[in-house]
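K.L.:
predicted model follows, preceded by the sequence.
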Amino acid sequence: MSQEVLSLAHTTVLLKETIEALDVQEGGRYIDCTVGGGGHAVAILESSSPGGQLLGIDADPEAVKTTRARLEAFGRSVLIVNNNFVNLEAICVKHDYTPVHGILFDLGLSSLQLNGGDRGFSFQQDAPLDMRFNPQQSVTAADIVNNSSESELAYTIRTYGEESFSYRIAHSIIRERPLKTTTELVKLIEKIVPRKGKIHPATRTFQALRIAVNHELENLEAALRQAVRLLGFRGRLVVISYHSLEDRIVKRFMQQESKSCICPPGTPSCVCRHITSLKMVNRRVIIPSAEEVKRNPRSRSARLRVAERIINRNELYETEDGMCFPGKTGARSWKNKYMLKERLRITSAN
């Protein structure tokens, strides 16, 4: 697929805001944990030139294939890996890619996935109930729909889709299954859930099944913890989420990591020994402009949050070397252990 086709197939969300939030600089090293169609990746590589490097990760092998073609012109400045970001730290260790200046998570489905038609991500096209990011995964949406008990189905739809009609949907699925296609499931849901505004009745159920199939929320929580350990001093963590479940996890994580104490309210004295690792860059969430939403309606639910890595005096002597950035990363070699280190500026986090 040509770069031109790829550009038309996917419109990148909050592009300008993302580059600003990452504070992209020449010669910087960055990670795009959900490289998708490569829109953010291209902008990061262009903004960090000369000498910038990008590690792109995606669980979807089709996304990896097409994005490698799109980014081919950047040569050895970019490495694209087909893996899940839950393995973020292991991937970076394998490729000797630490510390980094910025890490991006864009948690939305790409237009390539939604328009693919054969993976079951969209309820607007007839397709098998699959919803796996990677076909090597063992469990599909059809497995969950056709093998779960009624209570398990109701729990999944209510918890991951925040669907108030979860019990009625689960009961109907049990009565009508086996269900094999998206169309069969959509027709069943449309008989139960009334339409409200622009939101399709099947939206929440499809979201719930996709999250369950791909363990999205659990993987996100694990990856965020790893991201903090990989960021160098003053490195940026940027996350774009698209529904409240993701956004709550990101918001709670960033707020927690920006506090020196996370003991329960009412605890007489601090016993948690928590070490502050982040500071909030923007207290208020960043959302798309009205102009962007008009141009790309799929961006309307996007929420961007950004935090910056700090170093606490308690961890200074353990992490000073690991948190220093190379003076010049350069693009000649993917692995260069002997680059000059910048002097680390130390801040005290109470």
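P.N.:
Received it, and whenever you're ready, just let me know what you need. Numbers count the residues shown, from 1 in each chain.

K.L.:
elements contacting the helix or strand hosting Val42?
P.N.:
For Val42, the enclosing helix or strand under DSSP states H and E is helix 39-47. Using 3 or more CB pairs under 8 Å, 6 or more residues apart in numbering; DSSP states H and E, the elements in contact with helix 39-47 are helix 15-22, strand 29-32, strand 53-58, strand 100-106. (Each C-beta comes from the backbone N, C-alpha and C, glycine too.)

K.L.:
quick one: which of the ones you listed is nearest Pro135?
P.N.:
Of all the helices and strands packed on helix 39-47, strand 53-58 sits nearest to Pro135, with 13.5 Å by CB to CB.

K.L.:
so the closest one versus helix 39-47, what angle?
P.N.:
Interaxial angle, strand 53-58 versus helix 39-47 (axes from the mean of the first three to the mean of the last three CA atoms, to 10 degrees): 180 degrees.

K.L.:
which stretches of the stretch 151-300 of the chain form strands?
P.N.:
Assigned by DSSP state E, counting those that start in this stretch, the strands in the stretch 151-300 of the chain fall at 231-241, 278-280.

K.L.:
hey, which of these is tucked in deepest?
P.N.:
Mean neighbour count (mean count of other CB atoms under 10 Å) peaks for strand 231-241 among the strands of the stretch 151-300 of the chain, with a mean of 24.

K.L.:
what angle sits between that strand and helix 39-47?
P.N.:
If you take the same axes, to 10 degrees, strand 231-241 sits at 140 degrees to helix 39-47.

K.L.:
rounded mean pLDDT for strand 231-241, please.
P.N.:
Average pLDDT, strand 231-241: 96.

K.L.:
other SSEs contacting that strand?
P.N.:
The contact analysis (3+ CB pairs under 8 Å, 6+ apart) places strand 231-241 against helix 15-22, strand 100-106, helix 216-230, helix 244-257, strand 303-309.

K.L.:
returning to that earlier point: next, format the helices and strands packed on helix 39-47 as a markdown table and append distance to Ser138, mean neighbour count and mean pLDDT.
P.N.:
What follows is the helices and strands packed on helix 39-47, written out as a markdown table (distance: least, CB to CB, whole Å; neighbours: other CB atoms under 10 Å; pLDDT from 0 to 100):
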| stretch | distance to Ser138 | mean neighbour count | mean pLDDT |
| --- | --- | --- | --- |
| helix 15-22 | 33 | 19 | 98 |
| strand 29-32 | 27 | 27 | 98 |
| strand 53-58 | 19 | 26 | 98 |
| strand 100-106 | 24 | 26 | 98 |
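
K.L.:
thought Asp23 was touching Val238?
P.N.:
No - using CB atoms under 8 Å, Asp23 is not in contact with Val238; the gap is 9.4 Å.

K.L.:
tell me, what's touching those two both at once?
P.N.:
Taking CB atoms under 8 Å, 6 or more residues apart in numbering as the criterion, Asp23 and Val238 both touch Gly102.

K.L.:
hmm, back to that, most tightly surrounded among the helices and strands packed on strand 231-241?
P.N.:
Comparing the helices and strands packed on strand 231-241 by mean count of other CB under 10 Å gives strand 100-106 as most buried, with a mean of 26.

K.L.:
on that earlier part again, include distance to Val139 when you put the helices and strands packed on strand 231-241 into JSON lines, please.
P.N.:
Output for those, formatted as JSON lines (distance: least, CB to CB, whole Å):
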{"stretch": "helix 15-22", "distance to Val139": "32"}
{"stretch": "strand 100-106", "distance to Val139": "23"}
{"stretch": "helix 216-230", "distance to Val139": "13"}
{"stretch": "helix 244-257", "distance to Val139": "19"}
{"stretch": "strand 303-309", "distance to Val139": "28"}
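
K.L.:
number of nearby residues for Leu88?
P.N.:
Here the number of neighbours of Leu88 (other CB atoms under 10 Å) works out to 25.

K.L.:
and the pLDDT for the residue of the chain positioned farthest from its centre?
P.N.:
Residue farthest from the centre of the chain, counting by CA atoms, centre = their mean, is Pro268 at 37.4 Å. Note for Pro268: predicted pLDDT of 84.

K.L.:
which residues touch it?
P.N.:
By CB under 8 Å, 6+ apart, the contact set of Pro268 is empty.

K.L.:
ok, now Glu184?
P.N.:
Glu176.

K.L.:
before we move on, back to that, looking at the strands of the stretch 151-300 of the chain, which is nearest to Ile173?
P.N.:
strand 231-241 (27.7 Å).

K.L.:
between the closest one and strand 303-309, how many degrees?
P.N.:
Going by the same axes, to 10 degrees, strand 231-241 makes 170 degrees with strand 303-309.

K.L.:
list the pairing partners of strand 231-241 within its sheet, with orientation.
P.N.:
Here strand 231-241 has these sheet partners by DSSP bridges: strand 100-106 (parallel), strand 303-309 (antiparallel).

K.L.:
for the host helix or strand of Thr67, buried residues please.
P.N.:
Assigned by DSSP H and E, Thr67 falls within helix 61-70. Neighbour-count burial for helix 61-70, counted by 16 or more other CB atoms under 10 Å, picks out Glu62, Ala63, Val64, Thr66, Thr67, Arg68, Ala69, Arg70.

K.L.:
how many other residues sit next to Tyr290?
P.N.:
I think there's a mix-up here, since residue 290 is Ala and not Tyr. As a burial measure, Ala290 scores 9 neighbours (other CB under 10 Å).

K.L.:
please report how far it lies from Ser258.
P.N.:
Using CB to CB, to the nearest Å, Ala290 is found at 30 Å from Ser258.

K.L.:
I am finished for the moment; much appreciated.
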